[in-house]
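**Student:** structure of the sequence below:
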Amino acid sequence: MTTTTQAAPTAKDVTTSRTGGAPQTTTAVSGGRAGADQPAANRGRTSIADVVVVKVAGIAAREIPGVYDMGGGLSRTIGAVRDRVPGGRPNVGRGVKVEVGERQTAIDLDLVVEYGVPVMDVARDVRENVISAVERITGLEVVEVNVTVNDVRLPDDEDPAVPAEARVE
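**Tutor:** Take a look at the predicted model:
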């Protein structure tokens, strides 16, 4: 008697978006089984794209008072230009990197905080809010959230979104 085994599908699949964009990584969160004898909730597979975790984490981090912006210097500069383009939308994923496994995820955040706020308190609050949001929305276990504070926004820094007053008429 010969036994044949089939390899299970891999947890990660890389697909190209329909709009021709960059490849997107998806992770199977639950592997269901086909068949009418299975409960409805188990018929099929659920996959979560990495970009979903990026967006959820980015939004959750920005909700915390004291977070001025996210991303490194170059990404913030490019983002400011991109935000000014008519029809452009802010990139909620700027400053967020994720690794998504079958059931777990790890998240790295780059922050700019407001001057005067306790940096360690902001980092703790961001970490708690991101973990709560990602676990609640995606069902993935967040194993770590690494927070890097890249800059501090000083009170006298000009806001690039507000045009400076003309010096002459």
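
**Student:** just the residues contacting the lengthiest helix in the chain, thanks.
**Tutor:** For the chain, the longest helix by residue count, based on DSSP state H, is helix 119-138. For helix 119-138, contacts defined as C-beta atoms under 8 Å, 6 or more residues apart in numbering pick out 29, 48, 52-53, 56-57, 59-61, 63-67, 105, 107, 109, 111, 113, 140-142, 145, 147, 149. Every C-beta, even on glycine, is put in place using the N, C-alpha and C of the backbone.

**Student:** what subset of those residues is buried?
**Tutor:** 29, 48, 52-53, 56-57, 59-61, 64, 66-67, 105, 107, 109, 111, 113, 140, 142, 145, 147, 149 (16 or more other C-beta atoms under 10 Å).

**Student:** what pairs with the longest strand that the chain contains, and is each one parallel or antiparallel?
**Tutor:** The residue-count maximum for a strand in the chain (DSSP state E) belongs to strand 141-153. Paired neighbours of strand 141-153 in the sheet (DSSP bridges): strand 104-114 (parallel).

**Student:** ok so, going back, angle of the longest strand of the chain against helix 119-138?
**Tutor:** 140 degrees (axes from the mean of the first three to the mean of the last three C-alpha atoms, to 10 degrees).
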